[in-house]
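[1] Quick one: sequence and predicted model below, then my questions.
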Amino acid sequence: MASLRSAVSTSLPPIRAAVSRMKKEMVRRELENCHLLAGIWCHGLTVRQLQALRGALPPSAKLIVAKNTLVEKAIAGTRWEPLRPCAKGMNAWLFVHSDEIAPALKPCRDFQRDFKLALNDFTGAVFEGRLYGPDDFQALETMPTRMESYAYLLGCLQTPAVSLLSILQAPDTDADQAAEGAAAAAASEN
């Protein structure tokens, strides 16, 4: 029996290795078109709470609970590598697959506030190659969405054109007053 067990264990890869390899590939697939990767401290959260948080996220965001070592191996050699120091403790990983960053982070903050989970905060995030620590998340949370940026840009481009048009279309009051004054002077001389 022992020889059969050793023969089977040497010919087939361990199931744990296969599962961790699959999980690592899943994390790599999530990183492919990801705009932001954030770690969330999830110590003490129940499965129901994590499911509630997942349900509150927009479709462009995905929350995955994975071992830090798997995430570290998946981000090694990628633009996400600055996040390695944040892979400590019990983390859930937020993958945002659009550039709408603030709407993806808002459900996490709301969840934290609603459940009074002051300790379950962001451990860090990488966005556009820059590492954001827990204290830097205010910049990410107040970041305008793409539509807000387009509206601001359009307003900046439109304001000078509107001003120019209003000047061109306005009655020329100085010239009109000068012409009326000249006509009045000519009429009084006659």
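    Cool, got the structure. Numbers count the residues shown, from 1 in each chain.

[2] Which parts of this protein are strands?
    36-41, 61-65, 91-96, 122-127, 130-132 (DSSP state E).

[3] what's the closest of these to residue 147?
    Set against residue 147 and scored by CB to CB, the strands of the chain come closest in strand 91-96, at 16.3 Å. (Glycine included, C-beta is placed from N, CA and C.)

[4] okay, the angle between that closest one and strand 122-127?
    Using axes from the mean of the first three to the mean of the last three CA atoms, to 10 degrees, the direction of strand 91-96 lies 30 degrees away from that of strand 122-127.

[5] and strand 91-96, which strands flank it?
    Strand 91-96 sits in its sheet next to strand 36-41 (antiparallel), strand 61-65 (antiparallel), going by DSSP bridges.

[6] So which of these is the most surrounded?
    Neighbour counts (mean count of other CB atoms under 10 Å) averaged over each of the strands paired with strand 91-96 peak at strand 36-41, with a mean of 24.

[7] Using CSV, write out the CA atom coordinates for it.
    Once non-C-alpha atoms are left out, strand 36-41 reads as follows in CSV (Å, rounded to 0.1, in the frame of the first residue of the first chain):
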residue,chain,number,x,y,z
LEU,A,36,-6.3,50.2,-10.0
LEU,A,37,-5.4,47.4,-7.6
ALA,A,38,-6.1,48.0,-3.9
GLY,A,39,-5.6,46.0,-0.8
ILE,A,40,-8.3,46.1,1.9
TRP,A,41,-7.6,44.9,5.4
